[in-house]
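> structure of the sequence below:
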Amino acid sequence: MNLNKLMTISVGAVIACSITMNLNEIHTWIWRAQSKLIYESRTETWGITPV
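Take a look at the predicted model:
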């Protein structure tokens, strides 16, 4: 898997946001994204199809 472009785009997005926004707000966005990812990757929901 080629992650070079993904990393370049991610760094560019963070730099663009840091220029236009407050860094505390960006940090809050990152925490929310991380907590959402952790919540959605719980093993108790793996293999269960919604009814």
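
> what is the burial count for residue 30?
By other CB atoms under 10 Å, 11 other residues sit near residue 30. Quick note: C-beta positions are derived from backbone N, CA and C, even for glycine.

> residues contacting whichever strand or helix holds it, please?
Here residue 30 is covered by helix 23-40, with elements defined by DSSP states H and E. Helix 23-40 is contacted by residues 14, 17-18 when judged by CB atoms under 8 Å, 6 or more residues apart in numbering.

> the residues you listed in helices, which ones?
Of these, the ones assigned to helices by DSSP state H are 14, 17-18.

> before we move on, back to that, C-alpha coordinates for the helix holding residue 30, CSV please?
Provided in CSV are the C-alpha atoms of helix 23-40 (Å, rounded to 0.1, in the frame of the first residue of the first chain):
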residue,chain,number,x,y,z
LEU,A,23,-4.2,25.0,17.1
ASN,A,24,-6.3,24.0,20.1
GLU,A,25,-9.3,23.6,17.8
ILE,A,26,-7.3,21.3,15.5
HIS,A,27,-6.1,19.3,18.5
THR,A,28,-9.7,18.9,19.6
TRP,A,29,-10.7,17.6,16.1
ILE,A,30,-7.8,15.1,16.2
TRP,A,31,-9.0,13.8,19.6
ARG,A,32,-12.6,13.4,18.4
ALA,A,33,-11.4,11.5,15.3
GLN,A,34,-9.2,9.2,17.4
SER,A,35,-12.0,8.5,19.9
LYS,A,36,-14.4,7.8,17.1
LEU,A,37,-12.0,5.4,15.5
ILE,A,38,-11.3,3.6,18.8
TYR,A,39,-15.1,3.4,19.4
GLU,A,40,-15.9,2.0,16.0
